[in-house]
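1. quick one, structure for this:
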Amino acid sequence: MSFGTIARGLAGLALIAVIVAGIWYGRRPAAETAAPPPQQQKAVQVAATDTPPQTDNYQRSLEIFEFKRGADSGVERGKEIYYYKCWFCHNDLAEGAPKLIGVYQRGTLVTGRPATDEGIKEQIREGSPGMASYKYTLSEKDIDDLVTFIREACCWKDDEPPLNPRYVAK
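-> Residues are numbered from 1 along each chain as shown. Below you'll find the model as predicted:
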């Protein structure tokens with residue numbers, strides 16, 4: 001048997017499969033294929049916008065996604081956001097990015113923005129040529145908690161990441 005014979009046989013099987021699928025799809029009842037009436041579409045859209053989606057507060061991935069593994073707000077939550085979003089560049093071993101310890105005492109940031117809460121928030125939101133913008137990634141609450149951590153508790157030793165409240169040492 002040559003390769004051409006095998007290829008024609010496989011092409012024929014594929015053609016038969018497509019024809020059978022077309023016949024099956026064409027025989028479905030009209031109710032399955034037709035779009036719902038406009039009033040039902042509107043009701044579905046309204047229902048979807050009225051109630052927020054339910055969340056499972058015991059799902060660990062949700063805690064990580066929302067940066068709420070250590071705390072719901074404040075310094076501990078800011079520490080977690082810093083760990084996931086900032087520490088990679090702003091750590092003791094990284095070169096090029098400024099260290100954030102004592103940033104408020106410097107007067108201005110590397111970009112020239114004032115070293116105040118609002119200046120740091122603007123830097124986080126807008127970024128700069130050497131820093132990513134986080135205005136689409138972090139919410140205002142995230143940025144507030146992050147700046148609270150930078151102002152009150154920044155930074156920690158690189159071998160002491162944020163606490164995991166579920167971890168129990170034995």
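2. what sits up against stretch 90-101?
-> Counting contacts by Cβ atoms under 8 Å, 6 or more residues apart in numbering, the residues outside stretch 90-101 that touch it are 82, 86, 88-89, 109-110, 130-131, 150, 154-155, 158. Where C-beta positions appear, they are placed from N, C-alpha and C, glycine not excepted.
3. repeat that for stretch 114-132.
-> Residues contacting stretch 114-132 (Cβ under 8 Å, 6+ apart): 89, 96-97, 103-111, 113, 133-135, 138, 143-144, 146-147, 150-151.
4. strands of the protein, start to end?
-> Using DSSP state E, the chain contains no strands.
5. could you list the domains of the chain?
-> Segmentation of the chain into domains, based on automatic domain parsing, reads 1-31, 60-152.
6. quick one, longest helix in the protein?
-> When the chain is parsed with DSSP state H, its longest helix is helix 3-26.
7. how many neighbours does residue 103 have?
-> Residues lying near residue 103 (other Cβ atoms under 10 Å) number 21.
8. pull the contacting residues for it.
-> 109, 115, 120, 150, 154.
9. show me the two of those that sit farthest apart.
-> Farthest apart among the contacts of residue 103 by Cβ to Cβ are 109 and 154. That separation is 13.7 Å.
10. which one's more surrounded, the two?
-> When residue 109 and residue 154 are compared for neighbours, residue 154 comes out ahead with 22 against 19, by other Cβ under 10 Å.
11. I'd like the distance from that one to residue 90, if you could.
-> Plainly put, residue 154 is 9 Å away from residue 90 if you go by Cβ to Cβ, to the nearest Å.
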